[in-house]
Each structure stands twice: as C-alpha cells, then as structure tokens.
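# Any chance you can model this:
(2 chains)
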Amino acid sequence: MMSARLNLFAMIGSILLLLVILELVRRKYLRERYSLIWIVTGTLFLLLSIRLDFLYGISHFLGFSIPSNALFFFGILFLILIVLGLSVISSRLAEKNKILTQEVVLLKKRVNDLEKFHDHANEAPRPQSGSSPG
Amino acid sequence: MPANVYGHTCVPKHFGAQAQGPTLQVFSKDYRAGIKPAPTMDFMKILVIIPVFNEEETLRGVISGIRASLPQADILVVNDGSTDSTSNIAREAGVLILEHPYNMGIGATMQTGFLYALRNDYDIAVQVDGDGQHHPEFLPSLVKPLWEGHSNLVIGSRYLVDGGFKSTFLRKLGIKFFSSLVWIFTGKRGTDPTSGFRAMDRKGLELFSEDYPSDYPEVEALISASRKGLHFQEIPTLMRDRQGGTSSIGMLSALYYMVKVTLSISIGFFRRVK
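Got it, this is the predicted structure:
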C-alpha cells in the first residue's frame, strides 16, 4: 500500500527526529525528564516506518478503513495529551514563579530595612579620637 | 439612634451609646462591667494594604485619608509593577512599600501584602483600593468586629445603606449573581461579595497568605474562608466612583470573571479542606 520510497523517507525522518532530540538533550536545551517522551515517540515512529505491517495490523484490529486514519488519529491524540501536559507544567511553573517573586519582593524589603538600620547605627555619634573624654 | 418600625434600634446592642460615629472606644463600658476582656486597639498591630497599579492620581489622597481615620495603623503600598510615578508618590508619603518587579495581578499583589503582614506579626490586615473608591472613614468600623472577635473577615458592602456610588446596572447584576453563588456555597447572604474593601484577622491572614486566587480573588476568598470555618460579615459602607485610572474589568473580562469564578468555586467545592 505504501511505496518503498515513501517508506524510506519515513525512516529517514524518524531517524532525524531522534537525532534532533538527542542533540537537544546534549546541548541541555531539553531536560532529560521531558526528553524521554520524545525519545519514545521517535523510536515508535522509526519502528512503524520499518515495520509497516504493525500499523496495518493495529488499524485493522481497531476497525479503521484506512491505516493512515489510524496514524492520524493516534498522532492527534498524542499531541493533545502532550499539550495538556505542557499546560499543567506551565501552570505549576507560574505558581512557583509567583511564590518565588513574592519571596524576592519580601526579601528585598527586608534587606533594605536592615541596610537602613545598619547605616543608621553607623551614623550614630561615636567617641571621636580628638575630643575630650566624656 | 435610628429606630425601625418595630421600635427597636437597628444596630446591634453592643454598639452602645456611641454608635453614630466610627469610634473605637465603644467597648470601654462593657469592659468596666466585666463582660469581656479589654479589647484595646493599642495592642493590635494593624496593617492597611493598598494594592496599586498606576494610581498616581489618587494614591496620595487615599494614604492621607487612611492616616486621618486610622492613625494607629501602618500603611503598606504593594506596587504591582506600575509604570507611572505611583512608586515615587508612595515613597514621598513615607509609607511601607513593596515593589513587584512585573505586573502579577491583584491576587498575587494582595497575597504579597498578606505574607508581609503575617511575617511581621500584624494582628489585622485591611485592604483598601488605591483608586479612591473606598471611604477611609469606614476603616474603624471595618476593623471593629475583628478586635471584638466577632468575625475573621469583614467586608465593606455598598448595598447595606443608601447613598454613595452603587455601580452600573450590569455590574449590579453580576454582583447579584456572585451573591447567590456565595449563598449557595456558604449558606450566608451577602450583598457585596466583590467588594475589595475588607479586613481580616490572623486566621484570615494565615489562610490567604497560603492560598489566594491569582485573579478576581474576592468572591472565591469568601468561600474558601467559609469552608475553612472562618466567620465573615458585612458592614455598611459608602463607596465613591473611581477617582482616576481605569477599572480593571472590561466587557470581555467581565465574562471571563464570571465564568472563571463560577468554575473555580464549583471545582474548589470538591477539593478537600486542608
């Protein structure tokens, strides 16, 4: 059903995706924690492009009339889950960011107060060497 | 003393003989009679928190108003990333000031103030908007139920007395909607749950410094306080129309306001109370 040329392109694409992911991790642009899901995805793509009969088997089993529909269906499902996960992550980050900023604001105020107090203490009249003993 | 048709006075009896003016000495009589321990304002540390975002036109007046009506209170301006001279005005006025490095929203701004109050051992925190719509003359009656121990949270409502600014028709409709939400979820009738003119005691501070909604927090805060077992009440206040600046609520965000608060309250209802 799928031409051999297309199959080859799919394989090359999957391998490229995997390489890009690994490179991103190597450069620390992508945390290992979040890279795992992408490595699994890339591997799955590669597996499916090597063994097209897996895709045919699954789509037949689930009752899709065309295997590509199964591919699109799972692809979109997967993307929705990823985006949902990212929303969760960004909500968590926003909350942490808020707490962090509030802490900084309060600390800054405290440092300012302490500095003022310190300066004030230093400016207080000190016994001067030249003056007569009190 | 105002009397209603039944011939009884309208105000609770503990208001005593001086109920006309917002005075804080009302309780001395009860104290002498040995009815309750001396609730002396001198022992209470009060912090008035003013959340501000570009309020250069009104802030000076708000601060001087608070100083006139509640001289024993410390005033804290939490500047939520203003781009005008708000910060300088607060500095000139010599109040306490906290500066957010960027605009974080009213919820986070109030929460920063609550955290400051909690960590600096304030007994009472009051919220007064920086746009001048709250009359500082009502501050004493706002904090009174707190130091008497009647409530943990006091809300200044503009719908309990005649006069003053009552908001536009659509807003009133929205406020009615939120009032019924509060009624459904707490069993208590409120008239002005969106009012930002409010005061709380330590229990309130402990709750809100831990968990306070980031946007449109007023209604949700009431419900979470009630679920925590905190007691809230309303007192009559007058409000003005905003003196300057623009409202934080436009047409589209009004819709978001209602949906967000309803959703958040409904889902929050299924959350376990910690």
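
# Which residue is the nearest non-sequential neighbour of the residue most central in space within chain B?
Centroid-nearest residue in chain B, with CA atoms, centre = their mean: residue B:198, separated by 1.1 Å. Leaving aside its chain neighbours, residue B:198 sits nearest to residue B:155 (4.8 Å; criterion: CB to CB, 6 or more residues apart in numbering or on different chains). Placement of C-beta: from N, CA and C, glycine included.

# from memory the residue nearest to the centre of chain B sits against residue B:157, does it?
No. The criterion here is CB atoms under 8 Å, and residue B:198 misses it with residue B:157 at 9.8 Å.

# how many other residues sit next to the residue of the stretch 1-150 of chain B found nearest chain A?
Of all residues in the stretch 1-150 of chain B, residue B:112 sits closest to chain A, at 4.8 Å by CB to the nearest CB. Residue B:112 is flanked by 29 other residues according to other CB atoms under 10 Å in any protein chain shown.

# Check residue B:161 too.
Quick note: residue B:161 (other CB under 10 Å) scores 11 neighbours.

# and what of residue A:34?
Counted by other CB under 10 Å, the residues lying close to residue A:34 total 14.

# residues touching it, list them.
Residue A:34 sits next to no residue when contact means CB atoms under 8 Å, 6 or more residues apart in numbering or on different chains.

# And it, which helix or strand is it part of?
In the assignment (DSSP states H and E), residue A:34 maps to helix A:32-50.

# longest helix anywhere in chain A?
Secondary structure assigned by DSSP state H gives helix A:67-123 as the longest helix of chain A.

# Please identify the buried residues of stretch B:112-122?
For stretch B:112-122, the buried set under the neighbour-count rule, 16 or more other CB atoms under 10 Å in any protein chain shown, comprises B:112-118, B:122.

# now the helix holding residue A:34 against helix A:67-123, angle please.
Orientation of helix A:32-50 against helix A:67-123 (axes from the mean of the first three to the mean of the last three CA atoms, to 10 degrees) gives an angle of 170 degrees.

# Now do the same contact list for residue 50.
No chain was given, so I picked chain A. By CB under 8 Å, 6+ apart, the residues touching residue A:50 are residue A:11.

# look at chain B instead
B:59, B:62-63, B:66, B:75-78, B:127-130.

# cool, residue B:116 as well?
A:106, A:109, B:47, B:49, B:76, B:78, B:96, B:98.

# what about residue B:75, which SS state?
strand (DSSP: H, G, I helix; E, B strand; the rest coil).

# What degree of burial does the residue nearest to it when sequence neighbours are not counted show, as a neighbour count?
Setting aside the residues directly before and after it, residue B:75 is nearest to residue B:95 in space (CB to CB, 6+ apart), at 4.2 Å. Residue B:95 has 18 neighbours, counted by other CB under 10 Å.

# residue in chain A nearest to chain B?
Closest contact between chain A and chain B, by CB to the nearest CB, is at residue A:102 (4.8 Å).

# contacting residues around residue A:48?
Residue A:48 sits next to A:10, A:54-55, A:71 when contact means CB under 8 Å, 6+ apart.

# With distance to residue A:49, pLDDT and neighbour count as added columns, please give the contacts of residue B:116 in JSON lines.
Shown next, in JSON lines, are the contacts of residue B:116 (distance: CB to CB, whole Å; pLDDT from 0 to 100; neighbours: other CB atoms under 10 Å in any protein chain shown):
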{"residue": "A:106", "distance to residue A:49": "55", "pLDDT": "97", "neighbour count": "16"}
{"residue": "A:109", "distance to residue A:49": "59", "pLDDT": "96", "neighbour count": "18"}
{"residue": "B:47", "distance to residue A:49": "65", "pLDDT": "97", "neighbour count": "24"}
{"residue": "B:49", "distance to residue A:49": "61", "pLDDT": "97", "neighbour count": "24"}
{"residue": "B:76", "distance to residue A:49": "62", "pLDDT": "97", "neighbour count": "24"}
{"residue": "B:78", "distance to residue A:49": "57", "pLDDT": "97", "neighbour count": "28"}
{"residue": "B:96", "distance to residue A:49": "64", "pLDDT": "96", "neighbour count": "19"}
{"residue": "B:98", "distance to residue A:49": "57", "pLDDT": "97", "neighbour count": "22"}
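
# Would you format the residues you listed as CSV with distance to residue A:77 included?
Shown next, in CSV, are the contacts of residue B:116 (distance: CB to CB, whole Å):
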residue, distance to residue A:77
A:106, 44
A:109, 49
B:47, 52
B:49, 47
B:76, 50
B:78, 45
B:96, 53
B:98, 46
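
# Low-confidence ranges, the chain, go.
With no chain named, the answer covers chain A. A:1-2, A:124-134 (pLDDT under 70).

# nope, chain B please
For chain B (pLDDT under 70), the answer is B:1-42, B:243-249, B:274.

# Let me see the ranges of the strands in it.
Under the criterion DSSP state E, chain B carries strands at the ranges B:46-52, B:74-79, B:96-99, B:124-127, B:153-157, B:198-200, B:232-236.

# could I get these as TSV with distance to residue A:18?
Output for the strands of chain B, formatted as TSV (distance: least, CB to CB, whole Å):
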stretch	distance to residue A:18
strand B:46-52	50
strand B:74-79	49
strand B:96-99	47
strand B:124-127	55
strand B:153-157	57
strand B:198-200	56
strand B:232-236	58
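
# which one of these lies closest to residue A:122?
Closest approach to residue A:122 among the strands of chain B is made by strand B:96-99 (22.9 Å; CB to CB).

# who does the closest one pair up with?
Using DSSP bridges, the strands paired with strand B:96-99 are strand B:74-79 (parallel).

# Give me the contact list for the strand it pairs with.
Against strand B:74-79 from outside (CB under 8 Å, 6+ apart): B:45-53, B:59, B:63, B:66-67, B:86-87, B:90, B:93, B:95-100, B:109-110, B:112-113, B:116-117, B:122, B:130.

# Then stretch B:197-213?
B:107-108, B:110-111, B:114-115, B:117-118, B:122-129, B:134, B:138-139, B:142-143, B:146, B:151-156, B:218, B:220-221, B:224-225, B:228, B:230, B:237, B:239, B:264.

# List the ones among those that fall in helices.
When helices are assigned by DSSP H, the members of these inside them are B:107-108, B:110-111, B:114-115, B:117-118, B:139, B:142-143, B:146, B:218, B:220-221, B:224-225, B:264.
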